[in-house]
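> Predicted model follows, preceded by the sequence.
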Amino acid sequence: MKIAVVGLGAMGSVYATLFLEAGHEVWAIDEWEEHIDAIKSRGLTLEGASGSRTNYNLNVTTKMSDIGNSDLYIIATKASGVAKAAKWIGSVASSNSLIITIQNGLGAGERISKHMSSNQLILGVAEGFGASIIGPGHVHHNSMKLIRIGELTGGITDRLLFLEKIWHEAGFKVKAFEDITQLIWEKFICNVTFSAPCTVFNKTIGELMEDPCLWEIALGGTKEAFRIAKVKQINLSFEDPVAYVTAFGSNMLNARPSMLLDHMNFRPSEVNAINEMVSIMGREVNISTPYSDTLVATVKCREDSFERT
């Protein structure tokens, strides 16, 4: 099977390595030329949860035309890169190609569907799955718990079960779900709770939860997102959002959300797909979102300062 990984950052490097080792023809594309050049000259080194090794046979490029049509495209960019990745794929993919994206936040399906048929799209959400870039050509696989995948329109299909099978065979822990929208929203509410607040206050998840004042601010965003989900009639597995996010956070007290890690490295974050989506949807359904509005404004103000330095 020919597989193209679009976005060869930390997560994309994990996907590419494991599928390559499973015997697939794997291509990967990224705009980070230093990373691509390092892999071409000395291979891609991956260490951590899935083992330590260096692969020298990965096909890497900065040009989508080098890849052409593939059976499966994995969009592994940050949320801000999803639309560009979809445009690239749309320029070379056939109508039989499948596209899967595993993202934080909301809106990935809508952004991708502007450039290709939504019938080709599978959505995913990761739980306890993380990786980080050590340097060009060198990635650490932090953890690998579960990737959940589903059809954009819901239901269990033959192609969804086929994808579950090939991901399993490549060494991933993957499960197909009938209602991926529910799972995406449940993770979204957790991301809303911790991403911007931990970033604004420079706290780990545990430190945020231990501070009553900061935790109250974080839960303000939680409750805004939950109210919007109810208005939109999203099928959630819980009725108490505070208890849900508290249980979620209690399992990773020492963790720093990726948004905070981005700011620690003076990089723009995925705030547009996470906390800002609460503000946007709130306006659509006439729900006030003062906590989210303020947190988003603070994050964006800080990111503006990154661009000036």
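Received the coordinates, thanks.
> residues in contact with the residue nearest to residue 6 when sequence neighbours are not counted?
Counting by C-beta to C-beta, 6 or more residues apart in numbering, residue 85 is the residue found nearest to residue 6 once chain neighbours are left out, at 4.4 Å. Using the backbone N, CA and C atoms, a C-beta is placed for each residue, glycine as well. Residues in contact with residue 85, defined by C-beta atoms under 8 Å, 6 or more residues apart in numbering, are 6-7, 75, 77.
> Which strand or helix spans residue 85?
Per DSSP states H and E: residue 85 is located in helix 82-90.
> do residue 223 as well
Following DSSP H and E, one finds residue 223 within helix 212-231.
> Let me see the mean pLDDT of the longest helix seen in the chain.
Of all segments of type helix in the chain, defined using DSSP state H, the longest is helix 180-201. Computed over helix 180-201, the mean pLDDT rounds to 96.
> Stretch 139-156 now?
Computed over stretch 139-156, the average pLDDT equals 91.
> Of all the residues in it, which ones are buried?
Within stretch 139-156, the residues that qualify as buried are 139-141, 144, 147-152, counting by 16 or more other C-beta atoms under 10 Å.
> what's the closest of those to residue 200?
Of all the buried residues of stretch 139-156, residue 200 sits closest to residue 140, with 26.4 Å by C-beta to C-beta.
> who does that closest one bridge with?
As for beta bridges, residue 140 partners with residue 47, residue 132 under DSSP bridges.
> can you pull the contacts of residue 272?
Residues in contact with residue 272, defined by C-beta under 8 Å, 6+ apart, are 79-80, 105.
> okay, those residues in CSV with secondary structure, neighbour count and pLDDT next?
Formatted as CSV, the entries for the contacts of residue 272 read as follows, by DSSP: H, G, I helix; E, B strand; the rest coil; neighbours: other C-beta atoms under 10 Å; pLDDT from 0 to 100:
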residue, secondary structure, neighbour count, pLDDT
79, helix, 21, 86
80, helix, 14, 85
105, coil, 22, 87
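> ok, residues contacting the helix or strand of the chain at the bottom of the mean pLDDT ranking?
Among the secondary structure pieces of the chain, namely its helices and strands, helix 108-113 has the lowest mean (mean pLDDT, DSSP states H and E), a mean of 87. Identification of contacts with helix 108-113 by C-beta under 8 Å, 6+ apart yields 75, 79, 82-83, 86, 99, 101, 118, 121, 123, 152, 273.
> list the contacts for residue 292?
Residues in contact with residue 292 (C-beta under 8 Å, 6+ apart) are 192, 196, 220-221, 224-225, 275-276, 278-279, 282.
> Fine by me, thanks again.
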